[in-house]
Structures are given as structure tokens and as C-alpha cells.
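# got a sequence here, can you build the structure:
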Amino acid sequence: MSRSSNPGCRVVRPGSGHAGKQGLNYFEGIAAETVGATGICMHLLTIPPGARAKAHLHEGHETAIYVLSGEAHTWFGERLEEHVIVRAGEMFYIPAGVPHLPANFSDSPCSAVIARTDPKEQESVVLLPELDALVPG
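Model (predicted):
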């Protein structure tokens, strides 16, 4: 049997998922709730074909995204006036407090690793329903 030199180290095997406030399902990952993280969360997200999130921001927390497969259209900015397509192998940074809305308009799933400076995962999510209608789909 092998032992970790730091008993606080843990392996998380994504299995179960949970519905996020943003309207998408996330796979369990690194967070305060799963490993006691105090400064970061990291999880997997798969956006099904044709799905989109609700407009939202993460109050006081930065987000880094690495797209594993597929592509995501993301609108961002105060009125979601900016648009970018993030493809497999690319990274995307969202500063703290920036409204955004990702969507998958393709016929295949889009999977990504998402890391945020909010260890509680959903605590900093602020929904912006007044912006939802600004994005097609």
C-alpha cells in the first residue's frame, strides 16, 4: 500500500454531477465541498449539442477554461457585446465580475476543464436574467 507524504492530498474521480445555477451540469471536481480547497475549484463541464448557459458572472473570482473537445461560443461584456469561439486545445480567461454566456451550437458535445479562484464552486455565481435574451439560441 502506498501512502501520501501529505495526508491532505486527495484524488477526485469525477463521477457524479450536479446542476449548476448557470443551467448546465458539472462533474464533481476539486472544491471546498469535495477536498476542503480554500483558494481554487476545478471541475469538468460538458455542454451538450444545442445547449447554452444562463447569463451570469462570478463575483470577485477569475475563471480559466481549457477546452478538451468541441467548441464553445461565448458572449461576454457588460451587455454580452463581445463574442469569441473557443475550440479544443485553446484556453480562455474570464476576469472576475465579467458577465458571460457560453453556448454549444455544434452537433457534438463540448467538454472543458474549468478552474476558478472560488473554492466553493457555485457561491460566487450571480445570474443575470436581463441579459439572457441578448444572445441568439
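
# now do the contacts for the nearest residue to residue 91 once chain neighbours are set aside.
Setting aside the residues directly before and after it, residue 91 is nearest to residue 66 in space (CB to CB, 6 or more residues apart in numbering), at 5.1 Å. For every residue, glycine as well, the C-beta is placed using N, CA and C. Residue 66 makes contact with 90, 91, 112, 113 under the criterion CB atoms under 8 Å, 6 or more residues apart in numbering.

# just give me the residue closest to the centre of this protein.
residue 114 (4.7 Å; CA atoms, centre = their mean).

# neighbouring strands of the helix or strand harbouring that one in the sheet, and parallel or not?
Assigned by DSSP states H and E, residue 114 belongs to strand 110-116. In the sheet, strand 110-116 lines up against strand 41-47 (antiparallel), strand 63-69 (antiparallel) (DSSP bridges).

# pLDDT on the last one, on average?
Right, the one you point to is strand 63-69. Averaging pLDDT along strand 63-69 yields 97.

# counting contacts, what elements does the helix or strand following it pack onto?
Downstream of strand 63-69, the next assigned helix or strand under DSSP H and E is strand 71-76. Contacts defined by 3 or more CB pairs under 8 Å, 6 or more residues apart in numbering; DSSP states H and E place strand 71-76 against strand 82-87, strand 100-103, strand 110-116.
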